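K.L.:
Quick one: sequence and predicted model below, then my questions.
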Amino acid sequence: MTTISEVSTSSAAPSLSPEVARRLKRRYAAERRFQVYGLSAIMIGLAFLVIMFTSIIQAGLPAFQETRIRLDVELEADKFPTDPAELTADGLRLVGWTGMIQKSIRDTLKPEARSDAVLMHKLLSPNAEVAVRDAVVDDPSLIGSTLSIWVLAAGDVDAIMKGTIDRNLPEEQRTVNDKQLTYIDRLDADGRLRKQFAFTLFTAGASSYPESSGIGVAMIGSLFMMLIVLMLALPIGVAAAVYLEEFAPRNRWTDIIEVNINNLAAVPSIVFGLLGLAVFINFVELPRSAPLVGGLVLTLMTLPTVIIATRAALKAVPPSIREAALGIGASKMQSIFHHVLPLAAPGILTSIIIGLAQALGETAPLLMIGMVATVFTYPATPMDPATALPVQIYMWSGLPERGFVARTSAGIMVLLGFLIFMNALAVFLRKKFERRW
Amino acid sequence: MKALKLTVAAAALGAVAFSGAAQARDYVSIMGSSTVKPFADLVAEEFSKVYSGKFAAPVVESGGSSAGLKEFCKGEGEGTIDVANASRPIKAKEIQACADAGVTKITEIRIGYDGIVFANPVDKPAFAFEPKDIYLALADQIPVDGALVANPNTHWDQVNPAFPHQEIMMFIPGEKHGTREVFEEKVLEAGCEAAGGLEAQLKANGDDKKAAGKACMKVRKDGRSVDIDGDYSETLARIGSNPDGIGVFGLSFAENNPDKVKTATVNGITPSLETIAKGEYPVSRPLFFYVKGAHVDVIPGLREYVEFFLSDDMIGSYGKAIDKGLIPMPEEELQQVRSNFANGVSVGS
C-alpha cells in the first residue's frame, strides 16, 4: 500500500502543482484512515468473540470432568428376591439401594454421631445408587459379594474438587461445611476420590442434580428434528426453487409468491412456533413435546432460506449451459436435471446445511410447542417427548445449583461445536465442488 | 436421484403414518409454574427411578402458572395435560373456563410453601428490613407529613436512619411473575399501611379502597427499582455487577449461593425453612398443583405420581423436595391434602 503511494507521488511529483499535490495527499490519507476504521471494526468484533469464547470455555470446562467416589457396597443376599425371574429393573426397584450405598460410605468414614452420618450421606449424589443397581441388573451373580464401584459424588463435592466453590471461604459462605471438607480430604487421601471424563454429560437426560444431568436426550431430540427438517425441507425447498426459477411464468402471481417467500425469511421465529401450536398440536392433534412437531415447525422456518439460496444457486448457472443442452435436442426437463441441477448442487447443499445449522440453534419456536420440558428418558421415535439442545441450555441457565452454571456453558460449547462443524462442512463442500465459468 | 426419490417418498409416508397412529399416551404430562417446576422435576425423577420398568417417566413442561392452567382447561383426553403446576390458587375465571371445556373435576393439591427473601452482595453488611422500609424506598408516592409526594428517597439512611448511607437500588420480580403478587401484597401493601401511606392514599382517592391499594403497590419508575422479567440467575448477575443492589430471590436460590449473597431479615426474622414453616417470616406463599380428576386411573401412573408427590419421602418434613428448598407444610395440612386427593375433592364444589 505505502509503496504504491510512494511510487506514484514521487514519480508524478515534479509535474504537480502544490494544490494538486496537497489534494492527492489528502486522498491517500483518507484511504489510509478508512482502512484503519475497517481493521479496527474487525478487531472489535474479534475481541468480543474472544471474550465470549474464553468466558464460556472457562465456565464450561469443569463440566467435562466429574468426581466419583469408590465405595465397597455389600450386596447382602438376603436383601434381594430369591427368584431369579424377579431380578429385573422392575423386580429390583424396591431393594433399598439408597440405604445400601449410605451404609457403605458410613463403613468407610465411620461417623461418631448420627448428625455426622447425615453429612456423609450428602457427599453422595442422590443418583449414585443407579450405578449400583445397573451393575446388579447386568450381572445378578454379584449378589452376595462386595462390589467395589465408582459412584457419582454430590454436586457440591464436585464443585469443591474443581475449585468452583472456594474451600477457603468462611464456613457460612459455603454449601459444604468444615466437617464435610475433612471427610472429602480423608476420602481423597484413601484414593477413594477421582476426577474422570464426564460421560454422564453426554449420556444422561434431565436431572434435578447437576452431577447426573446431561444433554443425551436433548441431542437425540435435536437429531430427530434435524432429520425431519432435512427430509422435508430439501425436497420441498428444491422443488419450489426449481419450479419458480426455471418453469414459472413471470407474472403478478409469481411476483406475489416471491415477495412472500422473502418476507417469510424475515419473520421472527416465534411466529412459526405459534403457527405450529395452532396447526400441528391444536388442529392435527399431534402430541406436545414431540420432535416430530418441532421438526415440522423448524421445516417451515428454514424453507424460505432454502428456497432463496437454491434459487440463487440456480441463477448462478450460466444460461449458455441451458441453451447448449436445448440446442443439441434435450428437453427442458433434461437440461435441468442433467445439467443445471448438478452444477447448482454445491450451492444447494450449502444452503441446506446453513438452514439446518440455523434450525439447530433455534429455541423460540420450540417454546410454544412444549419442548421446554424436563424429559428423563430417551425418545424411541419422533413421537415421544424429547427436548432440544438449545432448550436444554436455556433450562439449565435458570437453575440455582453451582454445577448447572458449568453444565450450561458446557452445553453451549457442544452446540457451538456442532454449528462450527456444520458451517465448516458447508464451506468445504462449496470449495470442493464449486465451478467457475 | 433414485435415492432422493426414495427418501422423499419415505418422508411423506412417515409423516402420514405418524400423524395417523395416535398411540395411547403412557406418561404423565405436567405443565406450569417455573417456581413449582424444580420440585415437580425432582419428584418426577425420583418417581421414574422408583417405578422404572413399571411406569414411563413423567414429562414436566414449564411456561408459567397461567399458561399451565390455560392448557389444563382446554378439555379432557390424551391430547391435554394431566397436571397444572401453579404458584397461586386457581382463579374463579379459570375454573369457569375449565367447566366450559368440560373439565369439571379438578383436585387442588397444596405441596408446601415458597419463601421470598431480600439479599445483597455477600461483602456488604446485611439489612434488617421491615415492610415499611421497602415501601418507603420503592413506592412511587410516599406520605411526608401526611401529604403524598413523589418518592424523594435516594439513599437507605433516608428511609431509616439505622441503615447505611447506600444508594437505593432494588431488583424486583417483573409483573408477569407470580412472585411479584406476593411481593406487592406482603411487602408493599403491608408497608404502605404501616407507613401511613394507605391513609393518605385513601384521602387522595376519595376513600376508594381498591384505587388506594393499587396506588400503594405502584413502584417508582426512576430507575431505582428494576423489574427483572427473567429468573433469579439474572437478578444474581445484576446485583453482582451492582454492589449497592438488593435483589429479591427465592429462599432456595439464596441458600444455594451463600458465597455470593447475604439475606436480610424481615421484621427481625431470618428467613429459613423453620421460620417460614412456622409462619414467622412474613413473605411466603403456598404452592400448588391441580390434577384432572377424569384422568386419574386412565393415564397410567397419574394416581401413583400424585401419591408419590404427597409421600413423606418427598414433601414430608425431611423429604427430598424439602432439601431442594420447598418449605414443608404442617402435618395436619398434609393429611388433609392427602385425604382430599383420595376422596377426589374438586375445587369450587
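P.N.:
All right, it came through fine.
K.L.:
Grab the nearest non-local neighbour of B:Leu326.
P.N.:
B:Gly112 (4.5 Å; CB to CB, 6 or more residues apart in numbering or on different chains). (Glycine included, C-beta is placed from N, CA and C.)
K.L.:
And the average pLDDT for the helix or strand hosting the one you found is what?
P.N.:
Assigned by DSSP states H and E, B:Gly112 falls within strand B:106-121. Taken as a whole, strand B:106-121 has a mean pLDDT of 92.
K.L.:
Also stretch A:232-248?
P.N.:
Here stretch A:232-248 scores 93 as its mean pLDDT.
K.L.:
Likewise for stretch A:300-313?
P.N.:
The average pLDDT for stretch A:300-313 rounds to 94.
K.L.:
thought A:Arg192 was touching A:Ile105?
P.N.:
No: using CB atoms under 8 Å, A:Arg192 is not in contact with A:Ile105; the gap is 9.4 Å.
K.L.:
What distance do you get for A:Met231 to chain B?
P.N.:
As judged by CB to the nearest CB, to the nearest Å, A:Met231 and chain B stand 4 Å apart.
K.L.:
Give me the three-state assignment for that residue.
P.N.:
Under DSSP: H, G, I helix; E, B strand; the rest coil, A:Met231 falls in the helix class.
K.L.:
any weak-confidence spans in the chain?
P.N.:
No chain was given, so I picked chain A. Across chain A, the ranges flagged by pLDDT under 70 are A:1-14, A:88-91, A:93, A:437.
K.L.:
looking at chain B here, not the other one
P.N.:
Using pLDDT under 70, chain B drops low at B:1-23, B:349.
K.L.:
how about B:Pro164, what does it touch?
P.N.:
B:125, B:156-157 (CB atoms under 8 Å, 6 or more residues apart in numbering or on different chains).
K.L.:
Which element, helix or strand, includes A:Arg430?
P.N.:
helix A:402-433.
K.L.:
Can you name the next helix or strand after the strand holding B:Gly112?
P.N.:
Where DSSP H and E defines the elements, the next helix or strand beyond strand B:106-121 is strand B:128-129.
K.L.:
What helices and strands are in contact with that next one?
P.N.:
Judged by 3 or more CB pairs under 8 Å, 6 or more residues apart in numbering or on different chains; DSSP states H and E, strand B:128-129 is in contact with strand B:265-266.
K.L.:
so the residue nearest to B:Leu326 sits right up against B:Pro328, yeah?
P.N.:
Yes: between B:Gly112 and B:Pro328 there is a contact under CB under 8 Å: 5.4 Å.
K.L.:
what sits in contact with each of those two?
P.N.:
Common contacts of B:Gly112 and B:Pro328, defined by CB under 8 Å, 6+ apart, comprise B:315, B:322.
K.L.:
who's more crowded, those two?
P.N.:
Using other CB atoms under 10 Å in any protein chain shown as the criterion, B:Gly112 and B:Pro328 rank with B:Gly112 on top: 25 against 22.
K.L.:
How far away from the center of its chain is the longest helix seen in chain A?
P.N.:
Longest among the helix segments of chain A by residue count, using DSSP state H, is helix A:18-60. Chain-centre distance of helix A:18-60: 32 Å, with CA atoms, centre = their mean, to the nearest Å.
K.L.:
elements contacting that helix?
P.N.:
Packing contacts for helix A:18-60, counted by 3+ CB pairs under 8 Å, 6+ apart, involve helix A:2-12, helix A:402-433.
K.L.:
Settle this for me: B:Asp140 is touching B:Lys214, isn't it.
P.N.:
No: look at B:Asp140 against B:Lys214 with CB under 8 Å: they stay out of range, at 10.7 Å.
K.L.:
in the stretch 151-300 of chain A, which spans are helices?
P.N.:
With DSSP state H, counting those that start in this stretch, the ranges of helices along the stretch 151-300 of chain A come out as A:155-162, A:178-189, A:200-203, A:216-242, A:252-264, A:269-276, A:291-315.
K.L.:
Ok, which of the ones you listed comes nearest B:Ile228?
P.N.:
B:Ile228 sits nearest to helix A:269-276 of all the helices of the stretch 151-300 of chain A, at 21.0 Å, using CB to CB.
K.L.:
Let me know whether the closest one sits next to chain B.
P.N.:
No: Helix A:269-276 stays clear of chain B (CB under 8 Å from any CB of the partner chain), getting no nearer than 12.3 Å.
K.L.:
Make JSON lines out of the helices of the stretch 151-300 of chain A and add mean neighbour count.
P.N.:
As requested, the helices of the stretch 151-300 of chain A are arranged in JSON lines below (neighbours: other CB atoms under 10 Å in any protein chain shown):
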{"stretch": "helix A:155-162", "mean neighbour count": "24"}
{"stretch": "helix A:178-189", "mean neighbour count": "16"}
{"stretch": "helix A:200-203", "mean neighbour count": "18"}
{"stretch": "helix A:216-242", "mean neighbour count": "22"}
{"stretch": "helix A:252-264", "mean neighbour count": "12"}
{"stretch": "helix A:269-276", "mean neighbour count": "20"}
{"stretch": "helix A:291-315", "mean neighbour count": "24"}
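K.L.:
okay if I get these as CSV plus distance to B:Ile172?
P.N.:
Shown next, in CSV, are these (distance: least, CB to CB, whole Å):
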stretch, distance to B:Ile172
helix A:155-162, 29
helix A:178-189, 35
helix A:200-203, 35
helix A:216-242, 32
helix A:252-264, 39
helix A:269-276, 26
helix A:291-315, 35
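K.L.:
excluding its backbone neighbours, what's nearest residue 187?
P.N.:
Looking at chain A here, since you left the chain open. Using CB to CB, 6+ apart and skipping residues adjacent in sequence, the residue nearest A:Leu187 is A:Leu193, 4.8 Å away.
K.L.:
not what I meant, chain B
P.N.:
Leaving aside its chain neighbours, B:Val187 sits nearest to B:Pro131 (4.9 Å; criterion: CB to CB, 6+ apart).
K.L.:
burial count for the one you found?
P.N.:
Look at B:Pro131: counted by other CB under 10 Å, it has 21 neighbours.
K.L.:
go on, B:Lys93?
P.N.:
Applying other CB under 10 Å, I find that B:Lys93 has 10 neighbouring residues.
K.L.:
What does it show for phi and psi?
P.N.:
Backbone torsions for B:Lys93, taken as degrees, to the nearest 10, come to phi -60, psi -40.
K.L.:
how close does it get to B:Val103?
P.N.:
To B:Val103, B:Lys93 is 14 Å away according to CB to CB, to the nearest Å.
K.L.:
the helices in the stretch 201-349 of chain B, which residues?
P.N.:
Secondary structure of the stretch 201-349 of chain B by DSSP H, counting those that start in this stretch: the helices cover B:209-216, B:232-241, B:251-256, B:273-277, B:302-309, B:312-315, B:320-323, B:331-342.
K.L.:
Would you mind getting the angle between the longest strand along chain A and helix A:178-189?
P.N.:
Ranked by number of residues, the top strand in chain A under DSSP state E is strand A:65-74. Interaxial angle of strand A:65-74 relative to helix A:178-189 (axes from the mean of the first three to the mean of the last three CA atoms, to 10 degrees): 80 degrees.
K.L.:
What are the buried residues along strand A:65-74?
P.N.:
For strand A:65-74, a neighbour-count test (16 or more other CB atoms under 10 Å in any protein chain shown) marks A:65-71, A:73 as buried.
K.L.:
How about residues contacting it?
P.N.:
Residues from elsewhere that reach strand A:65-74 (CB under 8 Å, 6+ apart): A:100-101, A:103-105, A:107-108, A:123-124, A:128, A:132, A:146-153, A:157-158, A:161-162, A:187, A:191-198, A:200-201, A:211.
K.L.:
Out of these, which end up buried?
P.N.:
Buried, going by 16+ other CB under 10 Å: A:100-101, A:103-105, A:108, A:123-124, A:128, A:132, A:147, A:149-153, A:157-158, A:161-162, A:187, A:192-194, A:198, A:200-201, A:211, out of those.
K.L.:
Return the residues in contact with A:Val151.
P.N.:
Going by CB under 8 Å, 6+ apart, the list of residues near A:Val151 reads A:68-71, A:101, A:124-125, A:128-129, A:131-132.
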